[in-house]
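S.K.: Only the shape, not the letters, is given here:
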């Protein structure tokens, strides 16, 4: 089975791709519009430089070869939301080609190309079936990322999208709390014929659409029926893919180059753009650099890139064992609490580790102080709490020694302890702290 | 050039042709396209620029502006509730 | 004549010559310093703008084309929008969706095209300048047929913001006038970088100081296929140039004959994408039956309101872009453009301009035009197309009259950005040329 994806994401610029209309959400239709994005005769496009910058950043992140010269093309097709019946996109010489993305840092998914293009407007049907068109979205900049059919399963497709989109979000500084829509055209062939599922919104639907199409194709093959190479659409409510109206012939987009914009020599610009390490790449790097358990590396980076950076700082100053013990331990456990309180100064945490390292404070004291600083809880109360938690867990382990031996085979045995504590104490302790303490006490019993 | 091709092209271009037009355009296009074959003997060139003079690296800064009154822009359009009215989608 | 009296006569003039589609309601010159008109494919805020096409009836742009706003800022009053071939598709302005302008020297003959109305206005109206647009020769051809001076500057010299597109890599905005000195005067106002048109942003400084033309090259491809009368008038004009101290050489420019097919492939390819937006929504005619499916709705409006030549060029351009055919010829056409540019640059290294008659014949009669096939009218442009595909600046000056009194024009082509030498030869020529104005009676 082969799966390939074409993903579209909106680039987070303040103004549109070819005109200065704001990209912000608008309450009323047809408000952030101008002659250019309305396709009015006599209007003309001018490229927003930031769109090119974002496109190059994504191309670099995807390890693409960046073309020295890039330009735009006209793709002609007719639909009411197309304000000039032409989409300005890229055909020859897109920004980047022949890249690769490593799923989980291991499996290479080849990236065919990445290019930039404008969005059309949006349509809605009226009761009498005519349409109403809003051109607020017309001209919004998009990046299109196309993969080779290297993805093996629908679940893997979702994994790929989760990781890659997560990386792109970080790259483009998209706030974590902002919903960022991804639209995919999903291509899947169980046998020899490829079927395209067009315009699927969101990662979950991408997996579901691919899964339901996979099921359909398998059934067809079993029944010795021929799979038609076609374009389908996904209905999320019924969880089926549906054949789109069969066309007599392929859409003829009739690409020609766009003369109104000229060409772009982007080698220098591309060389000057430094992109921050993607979270996925950071996970891979710190796993190998510090010889970490990949699960810890993942947990650190996915909690926060800042947490992982702190890990590296501590490792540099106090050695990797201290970084694992303290940052991988209580600091990670309490990170969310600290973040929610809006506390960002981590130098105090390093001071505490220094004191421990210098022998000025004990292991237990350090743990208490860290928790106290991060959660805002009074040190004495924190100490009491911590002692209480340890007593509870030690009591449970005394009565269930088999957990310790089971844990040595499979660390999921700790879940029993965690479950017990959570039932006994309600939400008193953060689950991160419970996990951390449980593991510490179990391991102390080897 | 044959009439079927002319009709296919017309369909892409969203033009409805009468039989008379289809025949007539078929002949015109046939003549013109034969004349275009002259290009086969033209010398080639390594360069094929997008414009006759080099237009390169023209961009603008990412600054949102509202330069036109949206109501002015919509004034001559067929609208309903500020939406532009359009034909059936399917 | 005072501006007041010119304006007063305009309606009557227009009734006779049909150069204007829309005219300004405001009949007082106010504090205007000069009057001008503009080809109807340039957007004007206060007048309907249709680019010669019925599909744009009712289009009232909310922005002026940059060249028009610059002229207004300089004290110009726009009195009317001139008739043209629909979207620029034509050589005689007979493909106009509205009125067809009549040649001031003979009302039964065409003005040329596609800026026919502009050339007519420039020829008939006193003290009048008109903005034209050239894609394949649409400024110089009508200038030649109507006996006026016309200049199409280098591609990219004048902002195309506000120009309703025909061919985006070919369109240039220029000036037509009875007075050679008007060309430089008004070009200086409208030329220059405009952020709203990226292709206008790479031009070097606009040099307009006098620079005497010292030598011209006449390509042998430029003096083949001429009518006897044009050939004879041109010969005399060349002698005149020699007597003005200009060296005249005869050269070979083998690329010129390939310019025409390359031009039509590029122009129609671009045009077919530019005209895709006219679907009966947003501007122009929008009154179709919305209960039709969109493909049918679009097809109905387009078939109803596009003229015959527009349909032909859309079909040609759509076909040229289609997979299979397109890959071959479109790429080659782009290469041939560069070959033609290189040929001009080779000759212009040692000469100030390439010279030839502007058109192979004088203004034809309307009934003769109606007998021409599409291909025959395309081929009539063979003398103007090469400079246009190369984007080089070119100038037509009236250089004589045939036995019917119809004007003959000759065309100078200079290298990219060298408009200065064209302004200069226009002015030098004007000083010694006996311009015969048409008889304008109302």
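M.R.: Structure's in. What do you need? The shown structure was predicted, so the numbers you read here are calculated from the model rather than taken from an experiment. Residues are numbered from 1 along each chain as shown, chains lettered A, B, ... in the order given.
S.K.: Mind listing residues that contact the lowest-mean-pLDDT helix or strand in chain B?
M.R.: Lowest mean confidence among the helices and strands of chain B (mean pLDDT, DSSP states H and E): strand B:79-80, at a mean of 92. The contact list for strand B:79-80 (CB atoms under 8 Å, 6 or more residues apart in numbering or on different chains) reads A:30, A:126, A:132, B:85. Bear in mind the C-beta positions are built from the backbone N, C-alpha and C, glycine included.
S.K.: Quick check: what element follows whatever helix or strand the third one lives in along the chain?
M.R.: So the one you mean is residue A:132. Element membership for residue A:132 (DSSP states H and E) is strand A:131-134. Of the helices and strands lying after strand A:131-134 in sequence (DSSP H and E), the nearest is strand A:141-147.
S.K.: any idea of the angle the next helix or strand after that next one forms with strand A:141-147?
M.R.: Note on strand A:141-147: by DSSP H and E, the next helix or strand toward the C-terminus is helix A:154-171. Per axes from the mean of the first three to the mean of the last three CA atoms, to 10 degrees, the angle that helix A:154-171 makes with strand A:141-147 is 140 degrees.
S.K.: what about the residue in chain B positioned nearest to chain C, neighbour count?
M.R.: Closest to chain C within chain B is residue B:52: 3.0 Å, counting by CB to the nearest CB. Counted with other CB atoms under 10 Å in any protein chain shown, residues neighbouring residue B:52 total 25.
S.K.: got it, and residue A:98?
M.R.: Residue A:98 sits with 13 neighbouring residues when counted by other CB under 10 Å.
S.K.: how about the residues of the stretch 51-200 of chain C near chain B?
M.R.: Residues of the stretch 51-200 of chain C lying close to chain B by CB under 8 Å from any CB of the partner chain are C:58-60, C:62-63, C:154-156, C:169-170, C:195, C:198-199.
S.K.: ok, so of those residues, who is nearest residue A:118?
M.R.: The nearest member of those to residue A:118, counting by CB to CB, is residue C:198 at 15.4 Å.
S.K.: show me the contacts for the closest one.
M.R.: A:44, A:45, A:46, A:47, A:260, A:261, A:262, B:55, B:58.
S.K.: and it, what pLDDT?
M.R.: If you check residue C:198, the pLDDT there is 98.
S.K.: Residue C:160 versus the nearest residue to it once chain neighbours are set aside, what's the distance?
M.R.: Excluding the flanking residues, the one nearest residue C:198 by CB to CB, 6 or more residues apart in numbering or on different chains is residue B:58, at 3.7 Å. Distance check for residue B:58 against residue C:160: by CB to CB, to the nearest Å, it reads 13 Å.
S.K.: Then residue C:196?
M.R.: Residue C:196 is 9 Å from residue C:160, by CB to CB.
S.K.: wait, isn't the residue nearest to residue C:198 in contact with residue A:262?
M.R.: Yes: in this structure, residue B:58 is within contact of residue A:262 by CB atoms under 8 Å, at 5.9 Å.
S.K.: Overlap of the contact sets of the two?
M.R.: Joint contacts of residue B:58 and residue A:262 (CB under 8 Å, 6+ apart) are C:198, C:199, C:202.
S.K.: Compare residue C:196 and residue C:160 and say which is more crowded by neighbours.
M.R.: Higher neighbour count among residue C:196 and residue C:160: residue C:160, with 27 against 20, using other CB under 10 Å.
S.K.: Can you give me the pLDDT of that one?
M.R.: pLDDT for residue C:160: 98.
S.K.: so how far is residue C:238 from residue B:59?
M.R.: According to CB to CB, residue B:59 stands 47 Å off from residue C:238.
S.K.: Same check on residue A:386?
M.R.: 105 Å.
S.K.: and the longest strand seen in chain B, what does it pack onto?
M.R.: Counting residues, the longest strand in chain B under DSSP state E turns out to be strand B:83-86. Packed against strand B:83-86 by the contact rule (3 or more CB pairs under 8 Å, 6 or more residues apart in numbering or on different chains; DSSP states H and E) you find strand A:131-134.
S.K.: Do any residues in the strand it packs on lie close to chain C?
M.R.: Yes: residues of strand A:131-134 are located near chain C by CB under 8 Å from any CB, namely A:131, A:133.
S.K.: Can you give the contact residues for that strand?
M.R.: Contact with strand A:131-134 is made by A:29-30, A:80-81, A:121-126, B:80-81, B:83-89, C:281, C:290, C:294, as judged by CB under 8 Å, 6+ apart.
S.K.: repeat for stretch A:255-265
M.R.: The contact list for stretch A:255-265 (CB under 8 Å, 6+ apart) reads A:44-47, A:52, A:68-75, A:88, A:91-92, B:49-51, B:54-59, C:168-169, C:197-199, C:202, C:269-270, C:273, C:321, C:330.
S.K.: Can you say which of these are buried?
M.R.: A:44-47, A:52, A:70-75, A:88, A:91, B:49-51, B:55-59, C:168-169, C:197-199, C:202, C:269-270, C:273, C:321, C:330 (16 or more other CB atoms under 10 Å in any protein chain shown).
S.K.: how about residue C:315, what does it touch?
M.R.: Contacts of residue C:315 (CB under 8 Å, 6+ apart): B:6, B:9, B:10, B:13, B:15, B:25, B:29, C:272.
S.K.: How about residue C:229?
M.R.: C:361, C:362, C:402, C:403, C:408.
S.K.: Neighbours of the third one, how many?
M.R.: Using other CB under 10 Å, residue C:402 has 18 other residues around it.
S.K.: now do the fourth one
M.R.: By the measure other CB under 10 Å, the count of residues near residue C:403 is 10.
S.K.: Check the spacing between it and residue C:70 real quick.
M.R.: Distance from residue C:403 to residue C:70, by CB to CB: 42 Å.
S.K.: Which positions in the stretch 1-150 of chain A make contact with chain C?
M.R.: When proximity is defined by CB under 8 Å from any CB, the stretch 1-150 of chain A lies next to chain C at A:35, A:38-47, A:74, A:76, A:78-80, A:83-86, A:128-131, A:133.
S.K.: Show me which of these are buried.
M.R.: Those of the residues of the stretch 1-150 of chain A next to chain C that meet the buried threshold are A:35, A:38-47, A:74, A:76, A:78-80, A:83-86, A:130-131, A:133, by 16+ other CB under 10 Å.
S.K.: wait, residue C:47 sits on residue C:79?
M.R.: No: here residue C:47 does not reach residue C:79: they are 9.6 Å apart, not a contact under CB under 8 Å.
S.K.: tell me, what's touching these two both at once?
M.R.: Common neighbours of residue C:47 and residue C:79 (criterion: CB under 8 Å, 6+ apart): C:23, C:24.
S.K.: okay, these two: which has more neighbours?
M.R.: For residue C:47 versus residue C:79, neighbours defined as other CB under 10 Å are more numerous around residue C:79 (26 against 22).
S.K.: which residue packs closest to residue A:91, ignoring adjacent ones?
M.R.: residue A:73 (3.7 Å).
S.K.: Identify the bridge partners of the one you found.
M.R.: Residue A:73 has these beta-bridge partners by DSSP bridges: residue A:89, residue A:257.
S.K.: hmm, back to that, please compute how far the longest strand of chain B lies from its chain's middle.
M.R.: 22 Å (CA atoms, centre = their mean, to the nearest Å).
S.K.: Right, I'll call it a day here.
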